[in-house]
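In: I'll drop the sequence and a predicted model, then ask my questions.
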Amino acid sequence: MSDGPFDFRVSHTDGRARRGVMRTAHGGVETPAFMPVGTQGAVKGVTHRDLEAAGAEILLSNTYHLHLRPGDDLIARRGGLHRFIAWTKPILTDSGGYQVFSLASRRTIDEHGVRFQSHLDGSSRLLTPERAADIQSQLGSDVAMTLDECVAYPVAEEIARQSMERTVRWARRARDRQSALRAGPVEGVVVTNPGQAQFGIVQGGVFPALREQSARETVAIGFDAYAIGGLSVGEPADIMYDIVERTTAVLPVHQPRYLMGVGTPEDLVEAVARGVDLFDCVLPTRNARNGQLFTSEGRLNIKNAQFAEDDRPADSACGCYTCRTFSRSYLRHLFLAGEMNAATLNTLHNLQFYLDTLRRIREAIEFGRFESFRLYR
RNA sequence: GGCGAGGUAGCGAAGCGGUCAAACGCAGCAGACUGUAAAUCUGUCGCCCUAGCGGCUUCGAAGGUUCGAGUCCUUCCCUCGCCA
């Protein structure tokens, strides 16, 4: 585990829900927290200023994508990812493990690592646990994720087992590599953030026994926090909730739990109820660009003809710039006209909705009202 | 007035005797999206319904040839271009 600035303190609990603060080399994050996804060093459609105004305290970015373009060497020469993208708050970088899943048709995998055929120029790119750690060291994110294998759903138990066991072995290698990077100079690798933390990732598909084994063995390696990966890949929600519940039960209570890639607003509430502290998801940003708005009254597809002459804001309970200023009628027009403002305004709103939801979750936990919030929000 | 090109579903545009209610694109309508190869993708898109290799009415108009016509013939109407 890190002896750097990384720290996590739980200040309140309500049932299994926890409210706390996660400290990193670039500042603190109130948890439970939602991390907007900025894969390539930017959250699509909005500025950093917008993100801060909406209350974002931490961004997620991506090892694989930044390695391919503009390259982690270039970013290291710029002084690291924070300086390069001019974001002063915490950043967590995914390892490229999700690309093992999403780019399954363009990669081969073996014990050594994953060989990708770049989607940009077709070149062959090898990502190993060590390489992913090196790249993230050069990026200098506040939290580095270990390289894992995210398997699809459904998957046979034996396949899930082999994959999970390999992910544990990879976690060990990633841990050793980060320790080496911390212990002294490593040829060809620049450490742009000495205070970088490292999270291990639990896998095991939808099989409780595999999840428990994965959690136990990953915790035994010793990380700053633990993520639950490989969920929300197509399995029913109640299965996901069940796996989350069984997994958090095995994870240390004094360290953050991060549910990767999740989810819908309801997923977030249900996961917090099961002891999760961190989330990231592309839903608010991607769906915004595709015309779907998350509101206090459910999802709303701004493209629908029923909004053509609707003068109300997207969500009357929302205080974001979009909702304070524009009508559904205008938002629909912008979207159908292909104006890029449509993507921006929709993204602004969806992120505000997500960040507000987490804010309300934190308040509810703090005041011991989480269970009623969960039921009646 | 002469010569030439052309009139196909909301628009553009294929089609050159049967498998055409009619390719394809756009527009329209609806849906999907969960550690971002996504401002993307899917379905639908003449009318009717019990929604089916179902019924009905279409391809400028009217006649005709043919077992069968959006596709061939005749006449008419209308657009566009060039020449008078």
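Out: Perfect, thanks for sending it. Numbering: from 1, shown residues only, chains lettered A, B, ... in the order given.
In: tell me where the stretch 251-377 of chain A has helices.
Out: Remark: helices assigned in the stretch 251-377 of chain A by DSSP state H, counting those that start in this stretch are A:265-273, A:283-289, A:321-325, A:328-336, A:340-366, A:370-376.
In: make CSV from the ones you listed and add mean pLDDT to it.
Out: Formatted as CSV, the helices of the stretch 251-377 of chain A follow (pLDDT from 0 to 100):
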stretch, mean pLDDT
helix A:265-273, 98
helix A:283-289, 98
helix A:321-325, 98
helix A:328-336, 97
helix A:340-366, 98
helix A:370-376, 96
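In: out of these, which is closest to RNA strand B?
Out: Proximity to RNA strand B (CB to the nearest atom of the strand) singles out helix A:283-289 among the helices of the stretch 251-377 of chain A, at 3.3 Å. (Glycine included, C-beta is placed from N, CA and C.)
In: nearest to A:Arg18, of the helices of the stretch 251-377 of chain A?
Out: helix A:340-366 (7.0 Å; CB to CB).
In: specify the local secondary structure of A:Arg177.
Out: helix (DSSP: H, G, I helix; E, B strand; the rest coil).
In: that one: what's it in contact with?
Out: A:129-130, A:133-134 (CB atoms under 8 Å, 6 or more residues apart in numbering).
In: contact partners for A:Ala364?
Out: With CB under 8 Å, 6+ apart, A:Ala364 has these contacts: A:14, A:370, A:372-374.
In: also A:Pro129?
Out: With CB under 8 Å, 6+ apart, A:Pro129 has these contacts: A:113, A:146-147, A:170-171, A:173-174, A:177.
In: what residues does the stretch 251-377 of chain A put near RNA strand B?
Out: Proximity of the stretch 251-377 of chain A to RNA strand B (CB under 7 Å from any atom of the strand) is limited to residues A:260-264, A:267, A:280-283, A:285-287, A:289-292, A:301, A:303-306, A:308, A:336, A:338, A:340, A:343.
In: pipe the helices of the stretch 251-377 of chain A into JSON lines and attach distance to A:Leu120 per row.
Out: Shown next, in JSON lines, are the helices of the stretch 251-377 of chain A (distance: least, CB to CB, whole Å):
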{"stretch": "helix A:265-273", "distance to A:Leu120": "32"}
{"stretch": "helix A:283-289", "distance to A:Leu120": "20"}
{"stretch": "helix A:321-325", "distance to A:Leu120": "33"}
{"stretch": "helix A:328-336", "distance to A:Leu120": "29"}
{"stretch": "helix A:340-366", "distance to A:Leu120": "23"}
{"stretch": "helix A:370-376", "distance to A:Leu120": "43"}
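In: want to throw the contacts of A:Ala364 into a markdown table with neighbour count?
Out: Formatted as a markdown table, the contacts of A:Ala364 follow (neighbours: other CB atoms under 10 Å):
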| residue | neighbour count |
| --- | --- |
| A:Asp14 | 20 |
| A:Phe370 | 26 |
| A:Ser372 | 10 |
| A:Phe373 | 20 |
| A:Arg374 | 18 |
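In: tell me the most packed of the contacts of A:Arg177, by neighbour count.
Out: Of all the contacts of A:Arg177, the highest neighbour tally under other CB atoms under 10 Å goes to A:Ala133, namely 29 neighbours.
In: what's the burial count for the residue of the stretch 51-200 of chain A found nearest RNA strand B?
Out: For the stretch 51-200 of chain A, the residue closest to RNA strand B is A:Cys150, as judged by CB to the nearest atom of the strand, at 2.4 Å. Counted with other CB under 10 Å, residues neighbouring A:Cys150 total 22.
In: now for the residue lying farthest from the centre of chain A: which residues touch it?
Out: Within chain A, A:Glu309 marks the point farthest from the mean C-alpha position, 36.8 Å out by CA atoms, centre = their mean. Contact analysis of A:Glu309 by CB under 8 Å, 6+ apart lists A:Ser329.
In: check what pLDDT it gets.
Out: Confidence at A:Glu309, expressed as pLDDT, is 96.
In: interface residues of the stretch 51-200 of chain A facing RNA strand B?
Out: Close to RNA strand B, as judged by CB under 7 Å from any atom of the strand, the stretch 51-200 of chain A has residues A:60, A:62, A:65, A:94-95, A:97-99, A:101-103, A:105-106, A:119, A:145, A:148, A:150.
In: ok, now which ones touch the residue positioned nearest the centre of chain A?
Out: When CA atoms, centre = their mean is applied to chain A, the residue found nearest the centroid is A:Asp280 (3.0 Å). Shown in contact with A:Asp280 (CB under 8 Å, 6+ apart): A:34-37, A:60, A:92, A:258, A:260-261.
In: how about the helices in the stretch 1-150 of chain A?
Out: A:48-54, A:63-68, A:72-77, A:81-85, A:97-102, A:129-139.
In: between these, which one is nearest to A:Tyr330?
Out: Nearest to A:Tyr330, of the helices of the stretch 1-150 of chain A and by CB to CB, is helix A:48-54 at 18.8 Å.
In: show residues contacting the closest one.
Out: By CB under 8 Å, 6+ apart, helix A:48-54 touches A:36, A:43, A:59, A:85-87, A:89, A:320, A:348, A:351-352, A:355.
In: buried ones in it?
Out: A:48, A:50-51, A:54 (16 or more other CB atoms under 10 Å).
In: same deal with stretch A:202-215?
Out: A:202-207, A:210-215.
In: for stretch A:122-141, same thing?
Out: A:125, A:127-141.
In: what is the nearest of those residues to A:Val191?
Out: Among the buried residues of stretch A:122-141, and counting by CB to CB, the member closest to A:Val191 is A:Ser137, at 5.2 Å.
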